[in-house]
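Visitor: could you work out the structure for the sequence below:
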Amino acid sequence: MSSRFLDSTMAIAVVLAALSIAPVSGAGQAPPSPEASAAFAPGDGGPGRSVQRSPASLDAARQSEAGPTPARAWNPPRTSDGQPDVQGFWAQGRRLALYNIEEGADERHVLLSGNPTDPQSLIVDPPDGRIPYQPWARAKRQEISDNHTNLTKWEYVDPHLRCFLSGVPRVFYQGTFQIVQPPGHVVILQEYNHGSRIIPLDGRPHVGDNIKLWMGDSRGRWEGTTLVVDVTSNNDKTWFDIVGGFHSDALRIRERYTFVDPDTISYEATFEDPKVYTRPFKMALTFGRTVHGEEARNYELLESACYEGDRNIQHSVLAK
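Guide: Predicted structure coming up:
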């Protein structure tokens with residue numbers, strides 16, 4: 001049985017249990033509220049849709065230049081099991097380094113999308129904004145980058161073009177994601193390709209080292225209004241971006257989601273992989289809530305399916 005099937009089956013079971021806590025009503029997407037912003041941001045190459053940004057989301061995105069926002073006094077509502085209630089729909093802000101996370105926005109992305117993006121790395125440590133690859137790994141990553149539209153080898157093909165799951169952290173710059181909180185869990189649902197993450201909060205051990213998953217194996221705990229997540233058992237098949245940012249199956253990710261106010265998440269992730277990197281590195285993002293209040297009750301993630309054999313690879317080559 002494939003790890004992807006296991007991921008999907010577990011997600012369905014947990015999310016069905018969550019529906020009584022975070023119900024979604026209505027047969028389709030709710031119309032935007034009068035307060036909603038007219039700004040949009042595209043998906044990360046491949047099937048998807050533009051994501052409507054709320055003013056709060058855009059404000060949070062503009063603050064992302066300085067990295068994570070210091071936590072302010074905020075007393076969130078609580079779920080039935082005592083978690084800070086942060087359920088709802090979220091999306092990354094303005095810093096969309098979809099093409100190359102070390103360089104920020106590329107000129108082609110801006111021209112195609114019509115959306116302004118910030119030309120800087122998402123990597124905040126090391127200070128030069130570059131992933132600290134070992135020499136052999138930097139050479140491999142450069143080879144992929146040089147050939148990512150000259151697809152003479154399968155190694156040059158972005159896993160997204162083959163409709164594989166995004167992995168962490170790419171799940172977060174792929175468009176809208178939803179947080180639901182069944183008792184004892186935080187569940188993150190990705191709009192693109194139905195990706196999902198189930199994060200138990202009960203202190204259970206990680207799965208065995210011999211199990212490798214597309215979205216990794218997550219274990220979480222709350223520190224005040226900060227969700228701390230440890231991600232292990234990642235497979236070696238996901239990329240960080242379109243031009244070949246890669247890792248091995250030894251990757252371990254330590255995430256911190258700081259809910260600084262009802263509409264803003266300050267996100268930090270530290271990546272360790274002794275097989276590929278010379279030292280750990282850190283990424284910082286800011287997420288904003290995309291819909292609010294009663295509108296969120298009628299809002300749903302749209303169908304954004306992807307299947308191997310569609311036209312993404314041809315489009316990638318033609319865009320060279």
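Visitor: so what sits opposite the closest residue to residue 178 other than its chain neighbours in the bridge?
Guide: With CB to CB, 6 or more residues apart in numbering as the measure, residue 189 is the residue that lies nearest to residue 178, at 4.4 Å, once sequence neighbours are left out. For glycine as for every other residue, the C-beta is placed from the backbone atoms N, C-alpha and C. Judged by DSSP bridges, the bridge partners of residue 189 are residue 178, residue 196.
Visitor: thought residue 189 was touching residue 199?
Guide: No. Applying CB atoms under 8 Å as the test, residue 189 and residue 199 come out as separate, 11.8 Å apart.
Visitor: which of these two has more residues huddled nearby?
Guide: With neighbours defined as other CB atoms under 10 Å, residue 189 and residue 199 compare such that residue 199 has more, 23 against 20.
Visitor: quick one: that one is in a strand?
Guide: Yes. Applying DSSP: H, G, I helix; E, B strand; the rest coil, one finds residue 199 inside a strand.
Visitor: from residue 99, how far out is it?
Guide: Relative to residue 99, residue 199 is positioned 28 Å away (CB to CB, to the nearest Å).
Visitor: show me where pLDDT drops low in the stretch 101-250 of the chain?
Guide: 104-119 (pLDDT under 70).
Visitor: which parts of this protein are helices?
Guide: Assigned by DSSP state H, the helices in the chain fall at 3-18, 55-63, 107-113, 135-147, 293-297, 312-318.
Visitor: list of residues touching the fourth one?
Guide: By CB atoms under 8 Å, 6 or more residues apart in numbering, the surrounding residues in contact with helix 135-147 are 100, 131, 133, 153, 155, 156, 243, 244, 245, 246, 276, 277.
Visitor: list the buried residues for it?
Guide: By 16 or more other CB atoms under 10 Å, the buried positions in helix 135-147 come out as 137, 138, 140, 141, 144, 145, 147.
Visitor: list just the nearest of the contacts of helix 135-147 to residue 290.
Guide: Using CB to CB, residue 100 comes nearest to residue 290 of these, at 25.2 Å.
Visitor: and the closest one, how many neighbours?
Guide: Counted by other CB under 10 Å, the residues lying close to residue 100 total 19.
Visitor: so what's it bridging to?
Guide: Taking DSSP bridges as the rule, residue 100 bridges to residue 104.
Visitor: what about residue 81, how many residues nearby?
Guide: Residue 81: 12 surrounding residues under other CB under 10 Å.
Visitor: which residues does residue 179 contact?
Guide: By CB under 8 Å, 6+ apart, the neighbours of residue 179 are 86, 87, 88, 90, 186, 187, 188, 189.
Visitor: for the last one, give its distance to residue 262.
Guide: Read it as residue 189. For residue 189, the distance to residue 262 equals 20 Å [CB to CB].
Visitor: who's in contact with residue 190?
Guide: 166, 171, 174, 175, 177, 196, 197.
Visitor: now residue 208
Guide: Per CB under 8 Å, 6+ apart, neighbours of residue 208: residue 233.
Visitor: repeat for the one 4 residues further on
Guide: Contact criterion CB under 8 Å, 6+ apart gives 3, 233, 234, 235, 236, 249 as the residues in contact with residue 212.
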